[in-house]
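# sequence and predicted structure below; questions after.
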Amino acid sequence: MYFINHRLDSIIFSAVKVILWLTLVFGTSFTKYKLFENLYLYEFILIIVSFISIIGLSKINLTGGVLIFIIYGLSSIAISIIKGNPVEYVLRQGMIIGYLAIAFLLYERIKHKSKQLLNFIIKLSKAGFIIQVIYLLFLLYLGTNIFEGRHYYSPMIMLLLPVFATDIVLGNNTLFEKTTWFIIILLVSLTIGHSSSTLSILTVLFGVFIWKIKPKQFMSALLIIAFGVGMQYFLNPNFSDINANFRIWYWGVAFSNTFDSSFLFGNGFGVPFVSDLQIEEFIERFGGSNDFLSSPSEKYVKAYHNSFITLFFHVGIIIILLLKPYVTGLKNLIFNTKDKNQVYLIILLLSSSVWAAFNVVLELPHSSLLFWLIFLLCTTKKIVYEK
């Protein structure tokens, strides 16, 4: 039995690596490839690997309440179906829980390989950076202005850039090498076309800065950084354009619709993110419909461009069960832990979370698995990353 479980562990770990490689290299061509009308190849592979991972799985980690959160989320999906909410939209919105549940099952099976998993993610980030640079050079060859518009090889690139930046800043490089490489990564992030990509890279520096200063200086530093980010809204067009203003308004809609309905239990799944009255308000405010009127399904599928706010909208206050890795990690940073590996992990999580906090990430297949694996690595007490 031990031999069989050991072989299954190796198969599952290899499958996870292959899935991430395919997602990086083929992007949406892989994640959106349909086998049948309502079945995608990506989801089919994940489901098969998840079922295999259950075989021989005898121990589940309850640390941080992640499993409780998943059970609640899946129960909410089931209740939404029983209530008669449109099944198509229940399942589509419910994948924000589904991808976490799948990642949790896979990680529980391979968590004894957490060191190898972290090493693999770092190597994947290096490959992603190289692929993106080659892609940009090709665009330059074609005469494209890479600093105008959005230019990324595949969606996973945006999540891998802060991972690579973390590896550079905390790696065994000279100060000159770290500075040079970080500037290059920052320049590459500017070609993505999302200001939040650059912000996620800068979060790496913020994390290291907090780790280096004294705990008493933390609040002062936080106020200065908050002021700096606030000034970006007024000085940087990318932070105050129509798209940014739309997100701020839409986040307000999310909180309003959650607090007005069920702050404790959330709105469930298969429900519209925005009401018809709020769409009219949006049109009056911004002078366009932002595709809300293009299809009756749009108000069910246009999530809040902040995966954590979207989660809160669906499940309510129970989202606090996911806070433990953040609280523990920030405490380690603020109080200057000597464990560099824990610093490594929390900065990976913080910088990745910044990207997820400004975009639709955890609801979609393109990089949600990678994010949740990073998150789950941060629930593991001791991981040593070896260069």
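Here it is on my side, so go on.
# name the element I96 belongs to?
Element membership for I96 (DSSP states H and E) is helix 87-110.
# okay, now the unreliable bits of this protein?
Counting by pLDDT under 70, the chain has low-confidence residues at 1-5, 56, 58-64, 221, 225, 228-243, 261-263, 289, 381-387.
# mind giving me the packing neighbours of the helix holding I96?
For helix 87-110, the helices and strands in contact under the criterion 3 or more CB pairs under 8 Å, 6 or more residues apart in numbering; DSSP states H and E are helix 2-26, helix 41-54, helix 66-82, helix 298-301, helix 307-315, helix 368-377. C-betas here are computed from N, CA, C, even on glycine.
# for I130, which of those helices is the nearest?
Across those, I130 has its closest neighbour in helix 2-26 (10.9 Å, CB to CB).
# chain center to that closest one, what's the gap?
If you compare the mean C-alpha spot of helix 2-26 with that of the full chain, they lie 21 Å apart, counting by CA atoms, centre = their mean, to the nearest Å.
# try stretch 127-135
With CA atoms, centre = their mean as the basis, the distance from the averaged C-alpha position of stretch 127-135 to the chain average is 20 Å.
# what residues does that stretch touch?
Counting by CB atoms under 8 Å, 6 or more residues apart in numbering, stretch 127-135 makes contact with 24-25, 151-154, 156-157, 160-161, 164, 185, 188, all of which sit outside it.
# any idea of the angle the helix or strand just after the helix holding I96 forms with helix 87-110?
On the C-terminal side of helix 87-110, the closest following helix or strand by DSSP H and E is helix 114-141. Orientation note: helix 114-141 sits at an angle of 120 degrees relative to helix 87-110 (axes from the mean of the first three to the mean of the last three CA atoms, to 10 degrees).
# list the buried residues in helix 114-141.
Judged by neighbour count (16 or more other CB atoms under 10 Å), helix 114-141 contains these buried residues: 114-115, 117-122, 124-125, 128-129, 131-132, 135-136, 139.
# helix or strand for N85, which one?
Assigning secondary structure by DSSP H and E places N85 outside every helix and strand.
# ok, it touching G268?
Yes - distance between N85 and G268: 6.8 Å, which falls inside the contact criterion (CB atoms under 8 Å).
# still on that earlier bit, any chance of the helices and strands packed on helix 87-110 in TSV, with distance to F104 too?
Supplementary listing: these in TSV, determined by distance: least, CB to CB, whole Å:
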stretch	distance to F104
helix 2-26	13
helix 41-54	9
helix 66-82	6
helix 298-301	25
helix 307-315	15
helix 368-377	7
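# any chance of those in JSON lines, plus distance to K340 and mean neighbour count?
Output for these, formatted as JSON lines (distance: least, CB to CB, whole Å; neighbours: other CB atoms under 10 Å):
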{"stretch": "helix 2-26", "distance to K340": "25", "mean neighbour count": "16"}
{"stretch": "helix 41-54", "distance to K340": "31", "mean neighbour count": "16"}
{"stretch": "helix 66-82", "distance to K340": "25", "mean neighbour count": "17"}
{"stretch": "helix 298-301", "distance to K340": "42", "mean neighbour count": "18"}
{"stretch": "helix 307-315", "distance to K340": "27", "mean neighbour count": "23"}
{"stretch": "helix 368-377", "distance to K340": "15", "mean neighbour count": "23"}
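# which stretch among the ones you listed comes nearest P325?
Proximity of the helices and strands packed on helix 87-110 to P325 was assessed by CB to CB; the nearest stretch is helix 368-377, lying at 6.4 Å.
# picking up where we left off before, any of the contacts of stretch 127-135 buried? List them.
Buried residues within those, counting neighbours by 16+ other CB under 10 Å: 24, 151-154, 156-157, 160-161, 164, 185, 188.
# the closest residue to T337 other than its chain neighbours: helix or strand, and which one exactly?
Nearest residue to T337, sequence neighbours excluded (CB to CB, 6 or more residues apart in numbering): V343, at 6.4 Å. Following DSSP H and E, the helix or strand that holds V343 is helix 340-356.
# then the helix holding I96 to PDB, C-alphas only?
Coordinates of each C-alpha in helix 87-110 appear next as PDB, following Å, rounded to 0.1, in the frame of the first residue of the first chain:
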ATOM      1  CA  VAL A  87     -27.400  26.200 -12.500                       C
ATOM      2  CA  GLU A  88     -25.200  27.500 -15.300                       C
ATOM      3  CA  TYR A  89     -24.300  30.700 -13.400                       C
ATOM      4  CA  VAL A  90     -24.100  28.800 -10.000                       C
ATOM      5  CA  LEU A  91     -21.400  26.500 -11.400                       C
ATOM      6  CA  ARG A  92     -19.600  29.300 -13.200                       C
ATOM      7  CA  GLN A  93     -19.500  31.600 -10.200                       C
ATOM      8  CA  GLY A  94     -18.900  28.600  -7.900                       C
ATOM      9  CA  MET A  95     -15.600  27.800  -9.500                       C
ATOM     10  CA  ILE A  96     -14.000  30.500  -7.300                       C
ATOM     11  CA  ILE A  97     -14.600  27.900  -4.600                       C
ATOM     12  CA  GLY A  98     -14.000  24.900  -6.900                       C
ATOM     13  CA  TYR A  99     -10.500  25.900  -7.900                       C
ATOM     14  CA  LEU A 100      -9.500  26.300  -4.200                       C
ATOM     15  CA  ALA A 101     -11.100  22.900  -3.300                       C
ATOM     16  CA  ILE A 102      -9.100  21.200  -6.100                       C
ATOM     17  CA  ALA A 103      -5.900  22.900  -5.200                       C
ATOM     18  CA  PHE A 104      -6.500  21.900  -1.600                       C
ATOM     19  CA  LEU A 105      -6.900  18.200  -2.500                       C
ATOM     20  CA  LEU A 106      -3.900  18.200  -4.700                       C
ATOM     21  CA  TYR A 107      -1.700  20.000  -2.100                       C
ATOM     22  CA  GLU A 108      -2.800  17.700   0.700                       C
ATOM     23  CA  ARG A 109      -1.500  14.800  -1.300                       C
ATOM     24  CA  ILE A 110       1.800  16.400  -2.200                       C
END
